[in-house]
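**Q** I would like to see how this sequence folds:
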Amino acid sequence: MNSREKASTFLMQATLGANQALINEVDNTGIETWLNNQLDNQPEMNDSFFQTAKKIWRGKSSTGGFKQLLSQHYGESNINGEGNNPALPYKYYFRMAWWHKTLLKGNSLSPDNQIDGITQDKKISDFEVSQSNLIRHRVAQALSEIIVISDNSVLELDAEGMADFYDLLYKHALGNYSDLLTDVSLHPCMGVYLTHINNRKENIPQRIHPDENYAREIMQLFTIGLFELNDDGSRKKDSAGNDIPTYDNDDIKELARVFTGIKAGQYLYEWPGANIDVDGFKVPFGTINRRPVLLGDDVNKVFKILPYVDMLQPMVGDDTYHDLGSKVLLGGKLSLPARNANNGQATIDDITSAVEQLVANPNTAPFIATKLIQQMVTSNPTKAYVKAVANKFGPKGDLKSVVKEILTYPLNNAVTIGNDSQIGNIQKLKSPLLRVTQLLRAFNAYNDEKRLWLIGEDIKSYLSQHTLSSPTVFNFYKPDFVPHGPIEDNGKVAPEFELYNAHTSISYVNMMYDWLFGDALPLVSTQIRKHQTPPLPVPELAPSTLLNNASSKLKLNLTQELKLATKREDYPALIAHISLLLIGKETPDGQADIMATLAPYDPSSPTQQLWIVQTVIFMIVISPEFTVLEA
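**A** Residues are numbered from 1 along each chain as shown. Next up, the predicted model:
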């Protein structure tokens, strides 16, 4: 493996995809020097998924965006939720923001100071196309599949809230896991998704018992896991040789007491002038908008959750409904003192301390280390690899040190168990999402409008995966999933194979064919759906309409590749170039097949030059070498 191939392979682990310029930079700078520079980068002030989603939905000055387009077309009284379908910041606006930021970062496009008519801001800012924070983007995406919320829930009504939640992952991706999980526990989106918002302390006469959902999942999925672990991630055993559970049902009940007395900060509805009727409960929102939420006030509980409350500010405590008693669980490894009511601060102090103690639990380091390694490098890490990463975690969860170890350890060490087997060099199956981001970023996807606002519906339909859109809190696939065959025979796991089935495997090939030969790259929407009766206040989603909009239609920049398609003697160089971008080596296993497929083409024809490039890309992206990450 030459230095270019090493750089490309490294970037498949460390980023959401690399173009030729980035591979060259890492090759010239050196992997570890480039990595250290990336780890020291901080997000710029406006480098925010929320800000991008906000501008797309309501404009920079809150007088534009899709909201203004919808109001102008339909009239506010027809889309305010007063007896009609309300125009809300639906999930599509988060997806548009996520793709816009993901595809621009490190793109060959230049900054553009022209003011966009929808966002009321620059078309492309300097920081959006800079190569800074590429690793932060990758780690945030990995964390989104560990600390899960999903638009397969009522959260689909609030793109801004989901973008704000994703900003927590982005902000803390190289910070402390303890700070991240504290902020996550208090974010309204997590409160809604795992149902601890508006949670109340036990009141037996009123048959009120604390909701246990978040208490269970913060232990099982976000910190200590199900079984006690050694530092190397292996399971501890009792005297009878059985796995040792980390917690039991009593621990869940005890921890549920911590997450009581927590609520949104204020009522906040998109259309405050509306009189809303839900199940016979009517509220003129102008009378309560921006009023603090009180768990015991006269407003019905149906209005104490989105879309009627502030989903951007952290949830606040209500000590009146919080269990102020002392709490002890996990065999005394987590303990909280009795507290006095203090205007909600007692509630927040309980939650903060509980999260800190869970993160500091010795089980959390190997548990989270294993999950991050599986996301970024290999599905089957060696014990030594897990231990090396877990040792960097520390009591607060030092993610910067953890990520550095995850990415540098493979440079000098074997990282996958069973290297002596026939599949020993296989590290992991790339998730469908990562295959898509890698391809689009490799060829600097763009459109003429400079609005990379992918709606994501087509990608999810084809591949059953999209950021913040998993079917459950357990993500798209289980970390211990094992497909039948050689992987099972060798005692390995392959989590992403749970998404690989008859539908997705065929759909993926069809999608690649449509993208490359059907002139139908992922759908971008820069317009509203018009002329609907009753009004349907959403972005335009119809494929036929979107693909006919030439200015917003997504394209691949194949300028460099086309230069290598004009002469047959350049075909090997073309294949080497595309193979380096997509699979991390310059000579793909299928090179002879690719050359044979290209033989009938006429490289003197401009039309067929494009076919030549498209054919090479297509044959590589449907190959096992592209879909499987190898050492």
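
**Q** pLDDT weak spots in the stretch 501-631 of the chain?
**A** Within the stretch 501-631 of the chain, the segments meeting pLDDT under 70 span 631.

**Q** Which other helices and strands does the helix or strand bottoming out on mean pLDDT in the chain contact?
**A** Scoring the helices and strands of the chain by mean pLDDT, DSSP states H and E places strand 281-284 at the bottom, with a mean of 82. Applying 3 or more CB pairs under 8 Å, 6 or more residues apart in numbering; DSSP states H and E, one finds that strand 281-284 contacts strand 275-278. C-beta coordinates here come from the backbone N, C-alpha and C atoms, glycine included.

**Q** residues of the strand it packs on that come out buried?
**A** Neighbour-count burial for strand 275-278, counted by 16 or more other CB atoms under 10 Å, picks out I276.

**Q** go on, stretch 280-299?
**A** So, applying 16+ other CB under 10 Å, buried residues of stretch 280-299: V283, F285, I288, N289, V293, L295, V299.

**Q** quick one: contacts for the residue lying closest to N133 once chain neighbours are set aside?
**A** Spatial nearest neighbour of N133, excluding adjacent residues (CB to CB, 6 or more residues apart in numbering): N41 at 5.0 Å. The contact partners of N41, taken as CB atoms under 8 Å, 6 or more residues apart in numbering, are S132, N133, R136.

**Q** if we can go back for a sec, and of the buried residues of stretch 280-299, the nearest to L324?
**A** L295 (14.8 Å; CB to CB).

**Q** In contact with that closest one, which residues?
**A** L295 neighbours (CB under 8 Å, 6+ apart): N198, R200, G261, K263, K304, D318, T320, Y321.

**Q** can you rerun that using 7 Å?
**A** By CB atoms under 7 Å, 6 or more residues apart in numbering, the residues touching L295 are N198, R200, K263, D318, Y321.

**Q** go on, V389?
**A** V389 touches A369, I373, V402, E405, I406, counting by CB under 7 Å, 6+ apart.

**Q** Next one: the fourth one from N412, what distance?
**A** Distance, E405 to N412, by CB to CB, to the nearest Å: 12 Å.

**Q** Can you tell me which helices and strands the helix or strand harbouring Q72 packs against?
**A** Using DSSP states H and E, Q72 maps to helix 65-74. Applying 3 or more CB pairs under 7 Å, 6 or more residues apart in numbering; DSSP states H and E, we find helix 65-74 packed against helix 49-58.

**Q** List the buried residues for stretch 559-574?
**A** Neighbour counts over stretch 559-574 (16+ other CB under 10 Å) mark Q560, E561, L564, A565, Y571, L574 as buried.

**Q** and of the residues you listed, the nearest to D398?
**A** Q560 (40.0 Å).

**Q** For that closest one, grab phi and psi.
**A** Torsion angles at Q560 (phi, psi; degrees, to the nearest 10) stand at phi -70, psi -40.

**Q** and the closest residue in space to it that isn't next to it in sequence, what are its phi and psi?
**A** Spatial nearest neighbour of Q560, chain neighbours left out: Q20 (6.9 Å); criterion: CB to CB, 6+ apart. Main-chain dihedrals, Q20, degrees, to the nearest 10: phi -60, psi -40.

**Q** same check, this time on L629
**A** Per degrees, to the nearest 10, the backbone of L629 is at phi -90, psi 120.

**Q** Over to V621?
**A** phi -70, psi -20.

**Q** Surely it is in contact with L582?
**A** Yes: with contact defined as CB atoms under 7 Å, V621 reaches L582; the gap is 6.4 Å.

**Q** Where does W271 sit: helix, strand or coil?
**A** coil (DSSP: H, G, I helix; E, B strand; the rest coil).

**Q** who touches it in this structure?
**A** Here W271 is in contact with E76, N80, G81, P86 (CB under 7 Å, 6+ apart).

**Q** of these, buried ones?
**A** N80, G81, P86.

**Q** Settle this for me: L11 is touching V26, isn't it.
**A** Yes: between L11 and V26 there is a contact under CB under 7 Å: 6.3 Å.

**Q** on that earlier part again, want to throw the contacts of L295 into CSV with neighbour count, secondary structure and distance to K123?
**A** Shown next, in CSV, are these (neighbours: other CB atoms under 10 Å; DSSP: H, G, I helix; E, B strand; the rest coil; distance: CB to CB, whole Å):
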residue, neighbour count, secondary structure, distance to K123
N198, 22, coil, 42
R200, 21, coil, 48
K263, 26, strand, 40
D318, 25, coil, 44
Y321, 21, helix, 48
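
**Q** give me phi/psi at the residue nearest to A520 when sequence neighbours are not counted?
**A** Leaving out its chain neighbours, the residue that sits closest to A520 by CB to CB, 6+ apart is D514, at 4.5 Å. Torsion angles at D514 (phi, psi; degrees, to the nearest 10) stand at phi -60, psi -40.

**Q** Strands along this protein, start to end?
**A** Taking DSSP state E as the test, the strands found in the chain are 112-115, 122-124, 262-263, 275-278, 281-284, 316-317, 327-329, 334-336, 426-429, 628-630.

**Q** Parallel or antiparallel, list what pairs with the second one.
**A** If I follow you right, that is strand 122-124. Applying DSSP bridges to the sheet, strand 122-124 is found paired with strand 112-115 (antiparallel).

**Q** Residues contacting the strand it pairs with, please?
**A** Contacts to strand 112-115, defined as CB under 7 Å, 6+ apart, come from residues D121, K122, K123, I124, K450.

**Q** Counting neighbours, which of these comes out on top?
**A** I124 (21 neighbours; other CB atoms under 10 Å).

**Q** got a list of what it touches?
**A** Contacts of I124 (CB under 7 Å, 6+ apart): L104, L109, P111, D112, K450.

**Q** how near is the residue nearest to A520 to V377?
**A** Taking CB to CB, one finds D514 at 31 Å from V377.

**Q** Then Q266?
**A** On the measure of CB to CB, Q266 and V377 end up 43 Å apart.

**Q** end to end, how far does stretch 409-427 reach?
**A** 14 Å (CA to CA, to the nearest Å).

**Q** now do stretch 206-214
**A** 22 Å.

**Q** For it, buried residues please.
**A** P210, D211, E212, N213, Y214.

**Q** any idea how far Y214 is from the closest residue to the first one other than its chain neighbours?
**A** Nearest-residue entry for P210: A256, 4.1 Å, with adjacent residues in sequence omitted and distances by CB to CB, 6+ apart. Look at A256 and Y214: by CB to CB, they are 8 Å apart.
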